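**Q** Task: produce atomic coordinates for the following.
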Amino acid sequence: MTGEDRKTAIAAYKERKVSAGIYAVRCAATGEAWVGRSPNLDTARNRVWFTLRTGSHTHPGLLQAWRMHGEAAFSFAVVETLSEEDATHFRDKRLKQRLEHWQAALGAEAI
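**A** This next block holds a predicted model:
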């Protein structure tokens, strides 16, 4: 990669649109669900899976289920993406509101 190609790639990375929203983690073995919020849904799955694999996830119930049933029993899904307007204005407040909504709708615990 040339220096100019590298600069172009860096500029494109910085200008990409980041999607904020709500995601769900489900365990097929138990039917349990957990929901979380993220300012960047593109990186949320990798972050959650990494903390589960390393045993450093902060939600003890999710971590216990992961250890008991293994990675293959789990799925990750984006359940809501905030509009661009919501994502820029009052993002944290809106994420909290939508997280509460999805907790109730899915009967899930927050992570």
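
**Q** Identify each buried residue in the host helix or strand of Phe76, please.
**A** In the assignment (DSSP states H and E), Phe76 maps to strand 74-81. The neighbour-count check on strand 74-81 (16 or more other Cβ atoms under 10 Å) flags 74, 79-80 as buried. The C-beta positions use only the backbone N, C-alpha and C, and glycine is treated the same way.

**Q** what do you get for stretch 42-58?
**A** 44-45, 48-49, 51-52, 57.

**Q** export those to TSV and tack on distance to Arg6, pLDDT and secondary structure?
**A** Output for these, formatted as TSV (distance: Cβ to Cβ, whole Å; pLDDT from 0 to 100; DSSP: H, G, I helix; E, B strand; the rest coil):
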residue	distance to Arg6	pLDDT	secondary structure
Ala44	27	97	helix
Arg45	27	97	helix
Val48	30	98	helix
Trp49	29	98	helix
Thr51	31	98	helix
Leu52	34	98	helix
His57	35	97	coil
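
**Q** Do I have it right that Ile111 meets Leu62?
**A** Yes: the criterion here is Cβ atoms under 8 Å, and Ile111 meets it with Leu62 at 5.8 Å.

**Q** Val25 and Arg47 touch, don't they?
**A** No: contact criterion Cβ under 8 Å: Val25 and Arg47 do not qualify, at 11.4 Å.

**Q** measure Ala33 to Val79 for me?
**A** 10 Å (Cβ to Cβ, to the nearest Å).

**Q** which residues are in contact with both of those two?
**A** Common neighbours of Ala33 and Val79, using Cβ atoms under 8 Å, 6 or more residues apart in numbering, are 24, 106.

**Q** Might you report the residue contacts of Leu99?
**A** Applying Cβ under 8 Å, 6+ apart, the residues near Leu99 are 22, 35-37, 110.
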